[in-house]
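Enquirer: model this:
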Amino acid sequence: MKNILLLLTFSILLAGCKSTPAAKKSVVMPAKVAAMQEAKSLAVISVNSANRNWYLNNASSVQPKFESFLTNINVNGKNHFNLVDRTSIDRVIKEQRISSSDNFDEDTATKLGNLVGADILVTANFLVSDLQTSTYKGYEKYCIRERKSGGLMGKLGGTKCEEYRDRAINCKKHSVTVEFTPKGTSVETGTIVYAKNYKAAAESKKCPNEQNKTLKSGVTLVSESFDNIFRQMRRDIAPYGLMLELHLIEDDKSKMPAIAKQNLAQGMFFVEKDMFERACPKFEQAAASFGQSPAIMYNMGVCQDMIGDKVAAKAFYERALDLAIYLSSDDQDIVINAIKRLEGKTNLDDHNSSQSENALESLTTSFKDIFK
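Expert: Have a look, this model is predicted:
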């Protein structure tokens, strides 16, 4: 009875995780912060530490690390930002007697930005927590029953363990938390156009039985935290690539003639074989013979989407929506989401369905274990 209930549960979960063939498309997304989308030249004025703790002596290393991150942001094989040379900034600030404060008035920002040739003036503050050292319980195996080894090892007094047991041991952990708050001031307007607080933590663990493992230092953990923070910043301040999955519709409830149904099926076959360039002509042939199928209209939209013709793609998607009475509720959602995506009403970062497929694979593995 238990197995029957588990199988029924699994069937319900599978029904809710419908997997449809998909075409993959690489897209370049603009920076999430609108004010950073046009910025090309940055001047890092200052990176100040609010710390009065163990990391103070290492605080000067953060600005070069931040500048290196900005310099190496790559888009389509090229460095995206031009970073104004540090020496040039220091010289202008000294000559013009300008304060490198976090906040600039409009005249100062415009003056300094024009003198160093920057679109955005960048300042930042950061705070590093105390280095936390704590203990936790780990486990190690130990032998509770041995037997004498055979052969030469046995003659030499060697033994082999037949049964192990776990026992608790005290292990050590280092952890730190870093907060980083960058601000971007527009040279054109003199106003702050970008400001955000980022936070990241890092930890290192080691148990006495892990002889080949070293407990990381606090400085190393701070560096790893900044790496994490800069990864968070990356999509906020510069264009980034995204692999988009455009799911297709295999069939519908319309009265499709045999020739249209055959071409649709052949098109789906090519999609499943990752031969999308052959699928689209089949969808075109299906559409030529029957224009009342939402599945065909939607798949034609995907074909136009793949080549970058958003106007034509949306027209086909909307035609499919007009015929949505012939679609299942799941397929209706696919059409609606495609239209919303082209209208910019959905978050493309959440559009990719590979995570749900991975979850399904994990779920399948779990149920295989249950029915062993």
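
Enquirer: got the CA coordinates for stretch 163-173 in CSV?
Expert: In CSV, the C-alpha atoms belonging to stretch 163-173 read as follows (Å, rounded to 0.1, in the frame of the first residue of the first chain):
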residue,chain,number,x,y,z
GLU,A,163,33.5,-3.1,10.8
TYR,A,164,33.5,0.7,11.4
ARG,A,165,31.6,3.1,13.6
ASP,A,166,31.2,6.9,13.6
ARG,A,167,32.3,9.0,16.6
ALA,A,168,31.9,12.7,17.3
ILE,A,169,34.9,15.0,17.1
ASN,A,170,35.4,18.7,17.7
CYS,A,171,36.1,20.7,14.5
LYS,A,172,36.9,24.3,14.0
LYS,A,173,35.3,27.0,11.7
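
Enquirer: check which residues of that stretch are buried.
Expert: 171, 173 (16 or more other C-beta atoms under 10 Å). For glycine as for every other residue, the C-beta is placed from the backbone atoms N, C-alpha and C.

Enquirer: residues in contact with that stretch?
Expert: Here stretch 163-173 makes contact (C-beta atoms under 8 Å, 6 or more residues apart in numbering) with 132-145, 203-209, 215.

Enquirer: got any ranges where the protein has weak pLDDT?
Expert: Low-confidence segments of the chain (pLDDT under 70): 1-19, 100-104, 149-157, 349-372.

Enquirer: in it, which strand is the longest?
Expert: The longest strand of the chain (DSSP state E) is strand 159-186.

Enquirer: just checking: what are the partner strands of it?
Expert: Strand pairing for strand 159-186, using DSSP bridges, gives strand 120-128 (antiparallel), strand 132-148 (antiparallel), strand 192-195 (antiparallel), strand 198-206 (antiparallel).

Enquirer: where along the stretch 201-350 of the chain do the helices fall?
Expert: Taking DSSP state H, counting those that start in this stretch as the test, the helices found in the stretch 201-350 of the chain are 218-237, 258-272, 276-289, 294-306, 310-322, 329-342.

Enquirer: so what does the second one touch, helix or strand wise?
Expert: Going back to what we said before, that points to helix 258-272. Packing contacts for helix 258-272, counted by 3 or more C-beta pairs under 8 Å, 6 or more residues apart in numbering; DSSP states H and E, involve helix 276-289, helix 294-306.

Enquirer: okay, now the closest residue to residue 230 other than its chain neighbours: neighbour count?
Expert: Using C-beta to C-beta, 6 or more residues apart in numbering and skipping the chain neighbours, the partner closest in space to residue 230 is residue 69 (4.5 Å). For residue 69, the neighbour count with other C-beta atoms under 10 Å is 16.

Enquirer: got it, and residue 211?
Expert: Residue 211: 7 surrounding residues under other C-beta under 10 Å.

Enquirer: go through stretch 254-273 and flag the buried ones.
Expert: The neighbour-count check on stretch 254-273 (16+ other C-beta under 10 Å) flags 254, 256, 260-261, 263-264, 266-268, 270-271 as buried.

Enquirer: centre of the chain to that stretch, how far?
Expert: Distance, stretch centre to chain centre, for stretch 254-273: 35 Å (C-alpha atoms, centre = their mean, to the nearest Å).

Enquirer: could I get the helices and strands packed on helix 258-272 in JSON lines, plus columns for distance to residue 320 and mean neighbour count?
Expert: Converted to JSON lines, the helices and strands packed on helix 258-272 look like this (distance: least, C-beta to C-beta, whole Å; neighbours: other C-beta atoms under 10 Å):
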{"stretch": "helix 276-289", "distance to residue 320": "11", "mean neighbour count": "19"}
{"stretch": "helix 294-306", "distance to residue 320": "4", "mean neighbour count": "26"}
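
Enquirer: now distance to residue 43 too, for those, in JSON lines please.
Expert: What follows is those, written out as JSON lines (distance: least, C-beta to C-beta, whole Å):
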{"stretch": "helix 276-289", "distance to residue 43": "45"}
{"stretch": "helix 294-306", "distance to residue 43": "40"}
